[in-house]
Structure formats: structure tokens, C-alpha cells
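Engineer: Structure, please.
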Amino acid sequence: MSSRGSAGRIRIATTAEGARLGRAFGAVDPPGSVAEVEAWFDRMRPKLVPHPIIDEFLNIVSTTSPAGAVGRALQPLVVQASIDLVPRDLIQKLELPADRSRLALARPTLKAMAFAARLAPGDVPRQARARMAAA
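Structural biologist: Have a look, this model is predicted:
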């Protein structure tokens with residue numbers, strides 16, 4: 001199986017950052033490499049099935065944001081970009097919404113947000129960016 005997402009270095013950095021965040025939120029042994037994520041998808045693939053709860057969840061996360069009105073406007077783009085990280089066969093199997101026009105809008109928007117995060121005051125954005133750059 002091949003991984004979906006950006007170029008290899010960014011995928012690896014993102015996966016490592018996700019593992020760190022997963023542990024911070026209590027996940028037990030989250031995958032820390034692209035290979036571990038791919039192995040997880042391979043193990044879970046037979047168990048994953050479409051279900052109305054998936055649609056309900058995607059609706060909730062697409063319409064709510066801790067960042068207020070601006071976050072709510074951007075949240076559907078973040079959700080679509082997240083769906084794009086799922087292997088194509090699982091997007092189809094799980095009947096996930098794949099809105100190519102929204103994804104086309106999400107890419108430049110999220111890149112601009114990443115650029116803006118570099119300029120953001122505070123340690124959290126700077127530390128995350130430093131970890132991504134070091135990977």
C-alpha cells in the first residue's frame with residue numbers, strides 16, 4: 001500500500017508530530033512513522049466499514065471549531081484535507097466525501113495558514129514548526 005499525502009519528508013515529520021500529539025492526548029502507542037501508519041491501515045482495512053456515525057462525526061468536525069467564526073469557516077477545508085490523507089481505497093470503501101473543489105481550495109489556504117503560523121507569537125507554533133523542520 002502506498003501512503004497518501006505530501007512529499008516524503010513532510011509526511012514523516014507530520015507522522016512524528018501526530019504521534020507526539022497522540023501520546024499527549026492519551027493514545028497508547030500511536031504510529032510514529034509512515035511505515036507504521038501504513039501497517040495500521042493494512043491491519044484495520046478488513047474491519048473498517050461505512051457507518052452513519054462517520055457522516056455524523058464529519059458533520060460535527062466540519063461545522064465546529066475552538067477558533068470561533070474564522071475557525072468554523074476554515075474547518076471544512078481542514079476536514080477535506082484530512083480525508084485526502086486517507087488511502088484512496090478506504091475513502092471509497094468508507095464512502096467518505098471527496099470534494100475535489102474543496103480540496104483544491106484547502107491546499108493554498110492551509111499553506112497560507114502554515115506560513116502565518118511562522119509569524120504567530122507564542123511558543124507552541126514556533127515549537128511545532130521547529131520540530132517539523134528538524135524532521
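Engineer: For residue 41, give its distance to residue 89.
Structural biologist: For residue 41, the distance to residue 89 (CB to CB, to the nearest Å) stands at 9 Å. Glycine gets a C-beta too; all of them are placed from N, C-alpha and C.
Engineer: The two: who's more crowded?
Structural biologist: The neighbour comparison of residue 41 against residue 89 (other CB atoms under 10 Å) goes to residue 41, with 18 against 11.
Engineer: For stretch 68-81, buried residues please.
Structural biologist: 74, 75, 76, 77, 78, 79, 80, 81 (16 or more other CB atoms under 10 Å).
Engineer: what's the spacing between that stretch and its chain's center?
Structural biologist: Centroid displacement of stretch 68-81 relative to its chain, using CA atoms, centre = their mean, to the nearest Å, is 12 Å.
Engineer: Same check on stretch 103-121?
Structural biologist: With CA atoms, centre = their mean, you get 14 Å for stretch 103-121.
Engineer: what's next to that stretch, contact-wise?
Structural biologist: 74, 77, 78, 80, 81, 84, 125, 126, 128, 129 (CB atoms under 8 Å, 6 or more residues apart in numbering).
Engineer: Need the contact partners of the helix or strand harbouring the third one.
Structural biologist: Spelled out, it's residue 78. In this assignment (DSSP states H and E), residue 78 forms part of helix 68-84. Residues outside helix 68-84 that contact it (CB under 8 Å, 6+ apart) are 4-5, 58, 61-65, 67, 91, 96-99, 102-103, 105-107, 109-110, 113.
Engineer: how does it look with 10 Å?
Structural biologist: Contacts with helix 68-84, where a contact means CB atoms under 10 Å, 6 or more residues apart in numbering, come from 4-6, 57-67, 90-91, 94, 96-110, 113.
Engineer: ok, the spatially closest residue to residue 67 that is not a sequence neighbour to residue 103 distance?
Structural biologist: The spatially closest residue to residue 67, leaving aside those adjacent along the chain, is residue 74, at 7.6 Å (CB to CB, 6 or more residues apart in numbering). Here residue 74 is placed at a distance of 14 Å from residue 103 (CB to CB).
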